[in-house]
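Trainee: Provided below are the primary sequence and the corresponding predicted coordinates.
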Amino acid sequence: MIDELERSYRRLPRGGTLLAILVAAHVLLKLALLPKVGHTPFVGDEAYYADGGRALSNLVRDLVSLGPVDTAELERNVVGSGWFMPGMSVLLTPLFLVDPDASIFVIRCYLGVVSTVVLLLTVRTVRRTFGDRYAAILLVFPGLVPMYLLFMYGAWGDLLAGLLVVMLVAHVVTIFRQVRLGVAFTLREGAWLGVVGIVIVYLRSSTALLVGGLFVVLLASLVVLLRRRERLRGITAMAVAGVLFVGLLLPWSVAASQSLGGRVLTTTSVPTVLANTFGEYDRICFGPCDPGSTIWFSPLRYAREVARATDGDQVAIQSEMSSYARQGVTPQSYSRDVLGNFYAYALEPSGYNDQLMDPDTDGDTFTYWFVTLVTALMWYLSLIVLVWVLLLATRRSFDSQILSIVLKLSLGALLTQPFIHLGSARYWPTAAPLLALALGLWLQVRAERRVAVGVGHDLPALEHAVGTPSPAAVHRAFYWVQLGLAVASVAVAAGIVVVAVWPW
């Protein structure tokens, strides 16, 4: 079957022609789904991001007109409770500058255009770094997944963050190729890393672990693999990336900290999230919370009221509330909750279909079930690739080894979310583009095995500088790193399952 699929792939149009066909298919299918989601009211966090965009557009008008700045509106709609970093609000700001009273339909159309532009920029980056096959796969998955296309009209930052993560991964792989040649990357490339990294975090704060992890791995590799002068250049470029990352994070961190009266780095949501995910609901507010609001906003309101009454720090109070609610957590209860979060995260890919496109509102059950079933089929097949890439330990080409390691680290960082946050069908679009790279890697490794490609075949043998590892040593080290990451994945998964089901 696999050989037949590969023969079919070879009969497809080549290069740009195939990509143009897939781009057209993406646009047509996305336009066909627009009437089903275009007028859907905002769901959950979307309303907050839209209000933040309007507030930022008013800030721009105030600054241009040299008038007084409405700081109260900024604190209320941009900082708010400190939960949501304003990446999507910034993205919506140009729209509200042009049309302050933009309707939901106009907002969703604008987001649909922006998301497609980002997808095409990602495809271009992937094509330049990995080739036409990888770019074509990205346009098919997730570019033709119906539920993913519906999410592209949404105001959440998860999807765009996932696409930018792929661009970051491609850039990191390019840097590793240069490092293998004994050449550090430039200050400009370091600046690119820092800017893209912080944009990803602004769009989805939970990606901070992924971005920070890749930066640390890249810095360690520069120290180990480069000789003195190039090592210094590489470290300097990484310093530029770090300075820009922190410098662009500071405006949000300082504003949120001053507004909330406590130290805020990226988000204040972690304590309440942990309480709702693993704690007891009737203890979150040192007892039951106000039943007139959601499980998310009742604790925030309570913490704010306690802070006002005691002249305290509402961020610290949220942490105390979270600790109180989680006093009864055991290893088994935690493991069971984690498994439940994984189920919601990975096994309900069309879970938001009911909210974004309800068949009871327009009677179109065909489109509803088309989106649900096709999305489920494509997503469940991608989970096979996810398991494969997490377990992969290849001895083949340098490119295969590097991409294998970077994908393991990136997917592993994203998959930490069920360990700290309630699972949701809204989060898989962040990981989906990485799975496209994983599928491309699977096809690449198969091709390399067929022609017996080894580490010495993809690039000429190079003399290594004194004091740096030889190419053969690097090749062996990358194999053992892959193997170690694969073993760690198995150990974590097995440990969670055993603790959850064992009759303690």
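Mentor: Arrived safely. As the structure is a prediction and not an experimental result, all values here were calculated from the model. Numbers count the residues shown, from 1 in each chain.

Trainee: where does this structure have its least confident helix or strand?
Mentor: In the chain, no helix or strand scores lower on mean pLDDT, DSSP states H and E than helix 2-10, which sits at a mean of 54.

Trainee: what's the first helix or strand after that helix?
Mentor: Toward the C-terminus, helix 2-10 is succeeded by helix 15-37 as the next helix or strand (DSSP states H and E).

Trainee: quick check: buried residues in that next one?
Mentor: By neighbour count on 16 or more other C-beta atoms under 10 Å, the buried set for helix 15-37 is 18-19, 22-23, 26, 30, 33-34, 36-37. Bear in mind the C-beta positions are built from the backbone N, C-alpha and C, glycine included.

Trainee: what of stretch 373-380?
Mentor: For stretch 373-380, a neighbour-count test (16+ other C-beta under 10 Å) marks 375-376, 378-379 as buried.

Trainee: for those residues, give me CSV that also has distance to S221 and secondary structure.
Mentor: Listed next are these as CSV, based on distance: C-beta to C-beta, whole Å; DSSP: H, G, I helix; E, B strand; the rest coil:
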residue, distance to S221, secondary structure
T375, 37, helix
A376, 39, helix
M378, 34, helix
W379, 33, helix
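
Trainee: from those residues, which is closest to L485?
Mentor: W379 (23.4 Å; C-beta to C-beta).

Trainee: per-residue confidence at the closest one?
Mentor: As predicted, W379 sits at a pLDDT of 97.

Trainee: quick one: the helices in the stretch 251-400 of the chain?
Mentor: Under the criterion DSSP state H, counting those that start in this stretch, the stretch 251-400 of the chain contains helices at 270-278, 297-310, 314-325, 331-346, 353-356, 359-362, 365-391, 398-414.

Trainee: now the second one - C-alpha only, CSV.
Mentor: The reference is to helix 297-310. Extracted as CSV, the C-alpha positions of helix 297-310 are listed here (Å, rounded to 0.1, in the frame of the first residue of the first chain):
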residue,chain,number,x,y,z
PHE,A,297,-14.1,33.8,35.9
SER,A,298,-15.6,33.2,39.3
PRO,A,299,-12.2,32.5,40.9
LEU,A,300,-10.8,35.6,39.3
ARG,A,301,-13.6,37.8,40.5
TYR,A,302,-13.2,36.3,44.0
ALA,A,303,-9.5,36.9,44.1
ARG,A,304,-10.0,40.5,42.9
GLU,A,305,-12.5,41.2,45.6
VAL,A,306,-10.3,39.6,48.3
ALA,A,307,-7.3,41.7,47.1
ARG,A,308,-9.4,44.9,47.3
ALA,A,309,-10.7,44.1,50.8
THR,A,310,-7.3,43.2,52.1
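
Trainee: next, the buried residues of it.
Mentor: 298-300, 302-303, 306-307.

Trainee: okay if I get the residues you listed as a markdown table plus distance to Y153 and pLDDT?
Mentor: Below are those laid out as a markdown table (distance: C-beta to C-beta, whole Å; pLDDT from 0 to 100):
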| residue | distance to Y153 | pLDDT |
| --- | --- | --- |
| S298 | 30 | 86 |
| P299 | 30 | 88 |
| L300 | 28 | 85 |
| Y302 | 34 | 88 |
| A303 | 33 | 87 |
| V306 | 39 | 88 |
| A307 | 37 | 85 |
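
Trainee: among these, which two are most distant?
Mentor: S298 and A307 (15.0 Å).
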